[in-house]
Each structure stands twice: as C-alpha cells, then as structure tokens.
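J.: Could you look at this predicted model? Sequence included:
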Amino acid sequence: MATLTIGLATSHLAAITRTPEDEDTSQIANFRAGFRTLSAALHAAEPDVAIILSPDHVNRFFLDNMPAFCIGLFDSFRGPAERNTGMPDREVPSDPALAGHLLNHGLEHGVDFARAEEWVVDHGFMVPLYMLDREARIPVVPIHVNCAAPPYPGIARCYDVGTMLRDAITAWPVDKRVAVIAAGGLSHSPGDARMGQIDAAFDRDFLTRLESGHRDRLTSLTNEAIDATGSSTAEIRTWIVLAGIFAEQGFRRVTYESIDAWVTGCGQCIVGNRTP
C-alpha cells in the first residue's frame, strides 16, 4: 500500500521566479530561504510521487466550465501557461495510475472530480514545482481546486475532500511514497481595488489555526471572512485540503512575510510524520 509522507504549503506567486536574487529585500530573501527549507524536507522524505493542489487562474478553465476540483490524468504536463514568469517552459512527469486511482476513489466516495487529459498548467502549479524540484525528478499529479471564480467549494467541503484524498492515497495498492504540495495565498487582491492591501493579522491567525491541527478551527472560517481579506485569499482552500489530508496533525510554520513589493502575504508550512 502507498504511504503518505509529507505535506508542504506555500504561496505561489510568479514574482518569486521573476525577481533576480540580487534584488531581494530581506523579506524576499527570507521567503526564498523558506523554499530551500521546503525543498530539503521534500527530498528528505524520499517521495516516489507528489500531488500538487493549486487553483488554475482562468487559463485552463473559464466561467463557462469551472470545476470545483479537477485531476490531471496524463503521462506528463507542461507549463507555465503565462509568459514573463522568469521560468523556462518545462515538462514535468506525472503518474496516471495514481491520478486514475484518486479519480475513481473519489467517484466511489462522494467526490465527483472532473478530469483533464490535456493541461498546460499556470504559475500556480509551476512556481512551487520549479522552486522545490527544479530538475523535475519527482512525478507529480496536479489537482485544481477552484479559488478563481465563485461560487467556491465550501471550507468544510475542502477539508473533507482532503480526508477523502488521504484515504485514497493510503488505499492505493502500490508500494510508493506520496508527498502533497498545497499552493496559493495568502491575503492578496491582484487586479482588485484593494490591490496592495495585505491582511497580515488574518494571515497569522490562519497559520495559527493550521498549527493547532484542529479541524473545527479551520472549518469555522467563513467565505465572507476570507473574501474580506482579499480578492484572491480564497486560495487558502488548497491549504485546507492539505489539512484534511493530514487530519489533526499540526503544521509547522516555516516563514511568513507580508511582502509589500509583491502585494501579498507570503507563507510556508510543513506537515507530516517526516517533518524536520
């Protein structure tokens, strides 16, 4: 049977790969160092395959067809879909056997995943993968969580989808080690009238809720409270799915920086039995 090894959560903005290191402020340097900590933890856990949870930013999916959750089912995928991200176009190997197992397990246990057999993923997926596994050594199954266009999946629903994914991973009859990466957030409002505003108090409270490991502390968050902190703070749903996968395990905070230059609250955490 498969083994769930480690979970990583990180903000995924493209500015991290666009910004030259010689232009780093102390905050950006600290956030970049956090990626090195996450990458070391990921490789120390020795996963055979990883799952990445991220929203698609209206590149693959649009308002006429916006699934709440979608699994990529293919041998490999490419990205980023956008230009000027500071990253080269890359191909990342995937694991269609794991993707198919997650899809079927979900359909049998109350989660009607959509599936995509063609998908050029955007920066939300590719920035974390580039920063954590630049040589693309680890096969990755991408899962879209809708955080881009309301109505969004509910907070409790995201957590429960996570618990289903945990059950699916541990029921996979293959002797492989599986890591999970959640990408998105924290408070930010790109293209919104509030752009430039960062709700650091909300971000720190959210990280404290994750550190507690308590389901109720996360699922008591309301859509209204999240939306009030930024037009794209909805992306914390990927972190809540990860919390459901590692149910009742407290996260360890690696970094938090309210980075004005990037108009985003940027955080990183680790969770799992192999947490260093």
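T.: Thanks, I have it.
J.: For the stretch 51-200 of the chain, which segments count as strands?
T.: Taking DSSP state E, counting those that start in this stretch as the test, the strands found in the stretch 51-200 of the chain are 69-72, 76-79, 90-93, 114-116, 140-145, 177-183.
J.: Which strands or helices does the third one pack on?
T.: It stands for strand 90-93. Packing contacts for strand 90-93, counted by 3 or more Cβ pairs under 8 Å, 6 or more residues apart in numbering; DSSP states H and E, involve strand 76-79, helix 123-132. Yep, even glycine has a C-beta here, placed from its N, CA and C like the rest.
J.: Need those in a markdown table (columns: mean neighbour count, distance to R204 and mean pLDDT).
T.: Converted to a markdown table, these look like this (neighbours: other Cβ atoms under 10 Å; distance: least, Cβ to Cβ, whole Å; pLDDT from 0 to 100):
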| stretch | mean neighbour count | distance to R204 | mean pLDDT |
| --- | --- | --- | --- |
| strand 76-79 | 18 | 31 | 96 |
| helix 123-132 | 26 | 21 | 96 |
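J.: Take those and write them to TSV, including distance to H101.
T.: As requested, those are exported to TSV (distance: least, Cβ to Cβ, whole Å):
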stretch	distance to H101
strand 76-79	18
helix 123-132	20
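J.: and of these, who's closest to S11?
T.: Of all the helices and strands packed on strand 90-93, the one in closest proximity to S11, counting by Cβ to Cβ, is helix 123-132 (8.9 Å).
J.: what residues does the closest one touch?
T.: Here helix 123-132 makes contact (Cβ atoms under 8 Å, 6 or more residues apart in numbering) with 8, 10, 12-14, 16-17, 35, 38-39, 42, 52, 54-57, 79-82, 85, 87, 90, 92, 136, 140, 142, 181, 183-184, 235.
J.: Which members of those residues are classed as buried?
T.: Taking 16 or more other Cβ atoms under 10 Å as the criterion, what is buried in the contacts of helix 123-132 is 8, 10, 12-14, 16-17, 35, 38-39, 42, 52, 54-57, 79-81, 85, 87, 90, 92, 140, 142, 181, 183-184, 235.
J.: how about the helices of the stretch 151-276 of the chain, start to end?
T.: 155-171, 200-212, 215-219, 223-227, 237-245 (DSSP state H, counting those that start in this stretch).
J.: For the closest residue to T3 other than its chain neighbours, which residues are in contact?
T.: Take T3 and drop its neighbours on the chain: the residue closest to it by Cβ to Cβ, 6 or more residues apart in numbering is R177, 5.1 Å away. For R177, the contact set (Cβ under 8 Å, 6+ apart) comprises A2, T3, T5, A45, E46, P47, D48, V49.
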